[in-house]
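Asker: Sequence and predicted model, in that order:
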Protein chains: 2
Amino acid sequence: MRAIRVEGSGRDAKLVLAEAPEPELRDDEVLIRVHATAVNHADLLQRRGLYPPPPGASEILGLECAGVVETVGKSVPTVSDGGFAVGDRVMALLPGGGYAERVAVHAGSVMRVPASLSDEEAAGIPEVALTVHLNLFQLADVRAEDWVLVHGGGSGIGTAAICLVREAGAHIIVTCGSDEKCARARDLGADLALDYHAGDFSEAVVEASGGGVAAILDSIGAPYWAQHIRCLRPDGSLILIGLRGGTKVEANLAPLVGKRIRVIGSTLRALANERKAEIVRRFLAQFGTALEAGRVRFPIDRVLPLSEAQQAHAIVEASQHFGKVVLRNEDF
Amino acid sequence: MRAIRVEGSGRDAKLVLAEAPEPELRDDEVLIRVHATAVNHADLLQRRGLYPPPPGASEILGLECAGVVETVGKSVPTVSDGGFAVGDRVMALLPGGGYAERVAVHAGSVMRVPASLSDEEAAGIPEVALTVHLNLFQLADVRAEDWVLVHGGGSGIGTAAICLVREAGAHIIVTCGSDEKCARARDLGADLALDYHAGDFSEAVVEASGGGVAAILDSIGAPYWAQHIRCLRPDGSLILIGLRGGTKVEANLAPLVGKRIRVIGSTLRALANERKAEIVRRFLAQFGTALEAGRVRFPIDRVLPLSEAQQAHAIVEASQHFGKVVLRNEDF
């Protein structure tokens, strides 16, 4: 089959369409003919050799996809038992392998695509929806009327967070890198969008949220640590999903105890299949109806052919996007 | 009524038996005739003015007691609805007020005393049992076969943790300040007891637990931060309940994300009554049968008359105790 291969290494590593071996199908997996996949920030790191796939995962980039089931492993449940059949339209969270014609993935990481969504829309849902759900709704237990803070309001994670948090009846503050992105984030539903170039955001966050947010989805890390602790209400959660800004902090533990704050390090990709299946189940239990009704629908920045993965990465790397950058297989 | 009063301030503040106003009974409270109370480390801080009572709580020291119900508030459920009646033998978690003849407390913080336990034994249970249960079994979700690390293996918290963790079929490593206390902690059931004067304990903890502990109950804070992060297994929890050793750390956030670690600041005293009631319910759901059968029974270091509260504090302050130091009302 054809798949994207990484050539070279480091910042200049290139993405080229090339031949790759067909994936092997395990008994608890389904083989998906990939119609579309989408770019995640983790892909950029992996391209540069900074985020190796977990043991057993495909070396090919790509953490999510949408397509059609081509083969079903022997121990995958039947459709009547909640499983899948050949020909089903599906989207999936992947530990890797999405930038390809076909990918094999544990059936617990697969979801049906609602009829109201295109393949391109569906391809950009699993990674960001499940990241947001795991961290904000499962780990931080965000409820209706709660306030949350998310960085990168124009990113895949940021736009997904805006959609899901609002659908849940909660409130969301985002930071963005430009006035234009702030405006688009507000249009999408953000209660408040702050330009992070303006400096310390903690006072504005505490004021807007009426005393502090219940949860922060943090992909930045060290530079925001002290501000984040100030932003949280008592019993609030700081969820660390990335440390793009740095890893070393001078931390004062006193407010952690005084406000009963939870700091939770979180990764999705390395989790066991059964844990991922539980995350998918809980996401569908809360948002399955809204997904089916077409209310959970994240903005697409643009759709490029898979052969232009290199250009797609450049767009995300330069933060030129608002919403998901999707890669479409051209030959199905 | 008579109660202990703090005279003076700072490290030299004295505890003297004096007259105090009778507590006022709210509708959702029971009034308890206190037969015994017990010393907690927090009492030492409060005596020195470092741990003021939460708003609305008694100014009198004392976070737990055992005794007999003397009056029942109007909205407290009847016995058949899980509530209390005059004459019931009870023990209670208190936001303050235990070093006295009588104390009024929300009915949700009150538990029955099993027939197998004396008042002195019961008086030393609520604060430490509920602290251990909230933090290890509720927040950190410790299960059978898990390993945990607790400091102060001879303290009230430490001895209670040994008893409850072993009763739950889990494993516990404690640190103590002397060989003698280490030996007593092992006799009580600790799988491993380490003298903290021996230096870095993280290697021994990781080795004994077969790769790291699921949870750490940390009352020390800053000096142990880096060791604690090393001690935790993936998905492990560091529960901060005190910062006796210091509050400022140079923290590396990378292993928090890499190991999906949770750092949870936790206090019991300041929680709302309904939250405390839920903690009591969950403690009794897991350990009520063992409590009734006399299997949950924490060691008593010694029993002193309430009038000798000053001496009791000196003993705890000097870490001369192993188990609870109990104060007995002499006039009932």
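Answerer: Good, I have the coordinates. Numbers count the residues shown, from 1 in each chain, chains lettered A, B, ... in the order given.
Asker: How much space separates residue A:205 from residue B:124?
Answerer: 43 Å (C-beta to C-beta, to the nearest Å). All C-beta spots, glycine's among them, are computed from the backbone N, C-alpha and C.
Asker: Of these two, which one has the most company?
Answerer: Ranked by neighbour count (other C-beta atoms under 10 Å in any protein chain shown), residue A:205 and residue B:124 place residue B:124 first, with 33 against 23.
Asker: what sits against the closest residue to the more buried one other than its chain neighbours?
Answerer: Residue nearest to residue B:124 in three dimensions, not counting chain neighbours: residue B:324, with 3.3 Å by C-beta to C-beta, 6 or more residues apart in numbering or on different chains. Neighbouring residues of residue B:324 by C-beta atoms under 8 Å, 6 or more residues apart in numbering or on different chains: B:38, B:39, B:123, B:124, B:128, B:156, B:159, B:298, B:299, B:300, B:301.
Asker: among those residues, who's most crowded?
Answerer: In the contacts of residue B:324, the most neighbours by other C-beta under 10 Å go to residue B:38, 35 neighbours.
Asker: And the residue nearest to it when sequence neighbours are not counted, what's its pLDDT?
Answerer: Closest residue to residue B:38 apart from its sequence neighbours, by C-beta to C-beta, 6+ apart: residue B:124 at 4.1 Å. pLDDT for residue B:124: 97.
Asker: Could you do residue A:30 as well?
Answerer: If you check residue A:30, the pLDDT there is 98.
Asker: ok now do it, which residues does it touch?
Answerer: A:69, A:71, A:72, A:73, A:76, A:84, A:90, A:92, A:104, A:105, A:107, A:110.
Asker: so can I have a markdown table of the contacts of residue B:324 showing secondary structure?
Answerer: Compiled in a markdown table, the contacts of residue B:324 are given as follows (DSSP: H, G, I helix; E, B strand; the rest coil):
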| residue | secondary structure |
| --- | --- |
| B:38 | strand |
| B:39 | coil |
| B:123 | helix |
| B:124 | coil |
| B:128 | helix |
| B:156 | helix |
| B:159 | helix |
| B:298 | coil |
| B:299 | coil |
| B:300 | strand |
| B:301 | strand |
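Asker: follow-up on the earlier one: quick check: the residue nearest to residue B:38 touching residue B:302?
Answerer: No. In this structure, residue B:124 is not within contact of residue B:302 by C-beta atoms under 8 Å, at 10.9 Å.
Asker: what is in contact with those two at once?
Answerer: Joint contacts of residue B:124 and residue B:302 (C-beta under 8 Å, 6+ apart) are residue B:326.
Asker: any idea how far the most centrally placed residue in chain A is from residue B:275?
Answerer: Centroid-nearest residue in chain A, with C-alpha atoms, centre = their mean: residue A:128, separated by 2.1 Å. For residue A:128, the distance to residue B:275 (C-beta to C-beta) stands at 33 Å.
Asker: before we move on, what about residue A:236?
Answerer: 15 Å.
Asker: So between those two, which is more surrounded?
Answerer: residue A:236 (24 against 14).
Asker: Quick check: that one is in a helix.
Answerer: No. Using three-state DSSP, the assignment for residue A:236 is strand, not a helix.
Asker: Show the contacting residues for residue A:114.
Answerer: A:291, A:292, A:293, A:294.
Asker: Without its sequence neighbours, what residue ends up closest to the last one?
Answerer: Read that as residue A:294. With C-beta to C-beta, 6+ apart, the residue lying closest to residue A:294 is residue A:116, at 3.7 Å.
Asker: okay, that neighbour: pLDDT?
Answerer: 93.
Asker: Can you report phi and psi for it?
Answerer: phi -80, psi -10 (degrees, to the nearest 10).
Asker: I'd say it and residue A:290 touch.
Answerer: No. In this structure, residue A:116 is not within contact of residue A:290 by C-beta under 8 Å, at 11.0 Å.
Asker: So for these two, which residue has more residues nearby?
Answerer: The neighbour count for residue A:116 versus residue A:290, taken as other C-beta under 10 Å, is higher for residue A:290 (16 against 13).
Asker: So the residue nearest to the more buried one when sequence neighbours are not counted, which state does it fall into?
Answerer: Of all residues not flanking residue A:290 in the chain, residue A:296 sits nearest, at 4.7 Å (C-beta to C-beta, 6+ apart). Here residue A:296 is recorded as coil under three-state DSSP.
Asker: shouldn't residue A:296 be in contact with residue A:163?
Answerer: Yes. With contacts counted by C-beta under 8 Å, residue A:296 reaches residue A:163, the gap being 6.3 Å.
Asker: If you count surrounding residues, which of these two has more?
Answerer: Just comparing residue A:296 and residue A:163: by other C-beta under 10 Å the higher neighbour count belongs to residue A:163, 24 against 20.
Asker: Any chance of a ChimeraX selection covering the buried ones in the contacts of residue A:30?
Answerer: Command for ChimeraX that selects the buried part of the contacts of residue A:30, burial taken from 16 or more other C-beta atoms under 10 Å in any protein chain shown:
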select /A:69,72,73,76,84,90,92,104,105,107,110
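Asker: Tabulate the contacts of residue A:30 in JSON lines, adding columns for distance to chain B, secondary structure and pLDDT.
Answerer: Below are the contacts of residue A:30 laid out as JSON lines (distance: C-beta to the nearest C-beta, whole Å; DSSP: H, G, I helix; E, B strand; the rest coil; pLDDT from 0 to 100):
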{"residue": "A:69", "distance to chain B": "31", "secondary structure": "strand", "pLDDT": "98"}
{"residue": "A:71", "distance to chain B": "33", "secondary structure": "strand", "pLDDT": "98"}
{"residue": "A:72", "distance to chain B": "31", "secondary structure": "strand", "pLDDT": "98"}
{"residue": "A:73", "distance to chain B": "27", "secondary structure": "coil", "pLDDT": "98"}
{"residue": "A:76", "distance to chain B": "27", "secondary structure": "coil", "pLDDT": "97"}
{"residue": "A:84", "distance to chain B": "29", "secondary structure": "coil", "pLDDT": "98"}
{"residue": "A:90", "distance to chain B": "27", "secondary structure": "strand", "pLDDT": "98"}
{"residue": "A:92", "distance to chain B": "22", "secondary structure": "strand", "pLDDT": "98"}
{"residue": "A:104", "distance to chain B": "25", "secondary structure": "strand", "pLDDT": "98"}
{"residue": "A:105", "distance to chain B": "21", "secondary structure": "strand", "pLDDT": "98"}
{"residue": "A:107", "distance to chain B": "24", "secondary structure": "helix", "pLDDT": "98"}
{"residue": "A:110", "distance to chain B": "23", "secondary structure": "strand", "pLDDT": "98"}
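Asker: OK, contacts around the residue nearest to the centre of chain A?
Answerer: A:40, A:156, A:157, A:159, A:160, A:298, A:324 are the contacts of residue A:128 under C-beta under 8 Å, 6+ apart.
Asker: Identify, from these, the entry nearest to residue B:218.
Answerer: Lowest distance from residue B:218 to the contacts of residue A:128 (C-beta to C-beta) belongs to residue A:157, with 31.4 Å.
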